[in-house]
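Novice: here is a sequence with its predicted model. Questions after.
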Amino acid sequence: MFTYPPIDEEILNLLRTREEFIVIGHISPDGDCLSSQMAMSSLLLKMGKTVHMANAGPFDRSEIAHLRADFLNHIDENLKSRDPLVVVVDCSAPERLGHLAQEIKDLTTVIFDHHSSGEQFGTYRYIVSRSVSTTLIIMQLYQALGVEITQGIAEHLFFGFATDSGFFRFINAYRGETLRMVADLVDLGVSPNMMNDRMTGGKSLGYVKYLGKLIDRSESYFEGRLMISSSCLEDSETYITTDKPSDALYSMLLSVKGVEVVLFFKEISATVTEVGFRSSHQSNFDVGALAESFGGGGHKKAAGATVQENIKIVKAKLLKAVEDLL
Ligand SMILES: [Mn+2]
């Protein structure tokens, strides 16, 4: 049975004794990242601290656009000169902090994360790769520091869990601790019903049509063990949506019989390509390691990379890499 390891007393003392904090998460923040930043910041506020949240963005997606104003885009010299403690959540590598990585490099940094790949960075770390979400790691912190979890905080903690668990779908056997923690959050007033609406609703028609196009473009390789789809530059003119259809796309393509790996290529410019990686739960294929070899990172079953090359070249290289590994 899995239990969370204790948090180093050294880390807890830093949080108790420092007065000013900056809470940072990764670029292109997802639900777990932003919820972790907000829950972490609430924890420190409840301890009477001064807290700033920062994220390099973008905040384009409809479900997070309203949060943009709560996050600094830069750490100015004035703030830096007061030597705040930096708390980084849900982020496995400094590159994933975007331009903020450079701005915080001289400050003391504590990392709370659940990603399995990526280099070790930061001054102190509490990394639990088996935690379903980073928010559940932050929940451990509330308990270790004896700070009350209010309903609003419980909603942040649940939302991060909901995003990263695909709403309970990605939880394995013998992981009852996850459900017990989530049950506590529901007893604090969180409605899973409402959380599901918040997670999946509010999309535009353009989003649904874009998703349809990406499914239509999907191709199968290596006797159906790999499926890929791609998005080209012109799509952003044809389909007006700020939402990423990738999560829905992955679950559609992974539902095809025999599929082990799904790759989604997104042309960002003629020389930059974003790649999303997923592997099926029956497969042993480690997409986190594959993404890492292309300069990205993530988990065994879900990962991403931004490659500074044309989409055609990236596609050819990845097809070859997957073929060699399958
Ligand atoms: Mn996460």
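Specialist: Sure, I can see it. These figures come from a predicted structure and were not determined experimentally.

Novice: surely residue 297 touches residue 92?
Specialist: Yes: under the criterion of CB atoms under 8 Å, residue 297 makes contact with residue 92 at 4.8 Å. No exception for glycine: its C-beta is placed from N, CA and C like everyone else's.

Novice: between the two, which one's more packed in?
Specialist: Here residue 297 and residue 92 are compared on neighbour count by other CB atoms under 10 Å; more neighbours surround residue 92, at 27 against 23.

Novice: for that one, report the pLDDT, please.
Specialist: In this model, residue 92 is scored at 84, pLDDT.

Novice: kindly report the same for residue 148.
Specialist: On the pLDDT scale, residue 148 gets 98.

Novice: confirm it sits in a strand?
Specialist: No: looking at residue 148 with DSSP: H, G, I helix; E, B strand; the rest coil, it is coil, so not inside a strand.

Novice: residues in contact with it?
Specialist: For residue 148, the contact set (CB atoms under 8 Å, 6 or more residues apart in numbering) comprises 46, 142.

Novice: quick one: low-confidence parts of the stretch 151-300 of the chain?
Specialist: Residue ranges of the stretch 151-300 of the chain with pLDDT under 70: none are present.

Novice: which residue does it have closest to the ion?
Specialist: Nearest residue of the stretch 151-300 of the chain to the ion (CB to the ion) works out as residue 164 at 4.6 Å.

Novice: counting neighbours, what do you get for that residue?
Specialist: Residues near residue 164, counting by other CB under 10 Å, number 25.

Novice: burial measure for the nearest residue to it once chain neighbours are set aside, as a count.
Specialist: Distance criterion CB to CB, 6 or more residues apart in numbering; nearest residue to residue 164, sequence neighbours excluded, is residue 133 at 4.0 Å. Residue 133 has 27 neighbours, counted by other CB under 10 Å.

Novice: residue 133 against residue 166, yeah?
Specialist: No: counting by CB under 8 Å, residue 133 stays clear of residue 166, with 10.9 Å between them.

Novice: please enumerate the helices of this protein.
Specialist: With DSSP state H as the criterion, the chain has helices at 9-17, 31-46, 77-81, 100-103, 134-145, 151-164, 176-187, 192-200, 205-216, 235-238, 246-254, 287-293, 311-325.

Novice: in CSV, list those along with distance to residue 119.
Specialist: Output for the helices of the chain, formatted as CSV (distance: least, CB to CB, whole Å):
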stretch, distance to residue 119
helix 9-17, 19
helix 31-46, 19
helix 77-81, 23
helix 100-103, 12
helix 134-145, 18
helix 151-164, 21
helix 176-187, 27
helix 192-200, 31
helix 205-216, 32
helix 235-238, 32
helix 246-254, 25
helix 287-293, 9
helix 311-325, 21
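
Novice: around the ion, which positions in the stretch 1-150 of the chain sit nearby?
Specialist: Proximity of the stretch 1-150 of the chain to the ion, by CB under 5 Å from the ion, involves residues 32, 90, 134.

Novice: for the ion, what is the nearest residue in the stretch 1-150 of the chain?
Specialist: Residue of the stretch 1-150 of the chain nearest the ion, by CB to the ion: residue 32 (3.4 Å).

Novice: partner residues bridging the closest residue in space to residue 295 that isn't next to it in sequence?
Specialist: Excluding its sequence neighbours, the residue lying closest to residue 295 (CB to CB, 6+ apart) is residue 305, at 5.6 Å. Residue 305 has the following beta-bridge partners by DSSP bridges: residue 275.

Novice: from residue 120, how far off is residue 305?
Specialist: Between residue 305 and residue 120 the computed distance is 19 Å (CB to CB, to the nearest Å).

Novice: how about residue 168?
Specialist: Counting by CB to CB, the gap from residue 168 to residue 120 is 31 Å.

Novice: more neighbours: which of the two?
Specialist: More crowded of residue 168 and residue 120, by other CB under 10 Å: residue 168, with 14 against 9.

Novice: what residues does that one make contact with?
Specialist: The neighbours of residue 168, taking CB under 8 Å, 6+ apart as the test, are residue 162.

Novice: all numbers from here: first residue = 10
Specialist: Okay, residue one is now 10; in that scheme the one you just asked about reads as residue 177.

Novice: next, give phi and psi for it.
Specialist: With angles defined as degrees, to the nearest 10, residue 177 sits at phi 80, psi 0.

Novice: and it, how far from residue 210?
Specialist: 17 Å.

Novice: then residue 257?
Specialist: For residue 257 relative to residue 210 (CB to CB), the value is 13 Å.

Novice: same thing with residue 280?
Specialist: Distance of residue 280 to residue 210, computed by CB to CB: 36 Å.

Novice: got the domain boundaries for the chain?
Specialist: 18-208, 214-334 (automatic domain parsing).

Novice: what is the neighbour count of residue 36?
Specialist: Neighbour number of residue 36 under other CB under 10 Å is 18.

Novice: with that, I have no additional questions.
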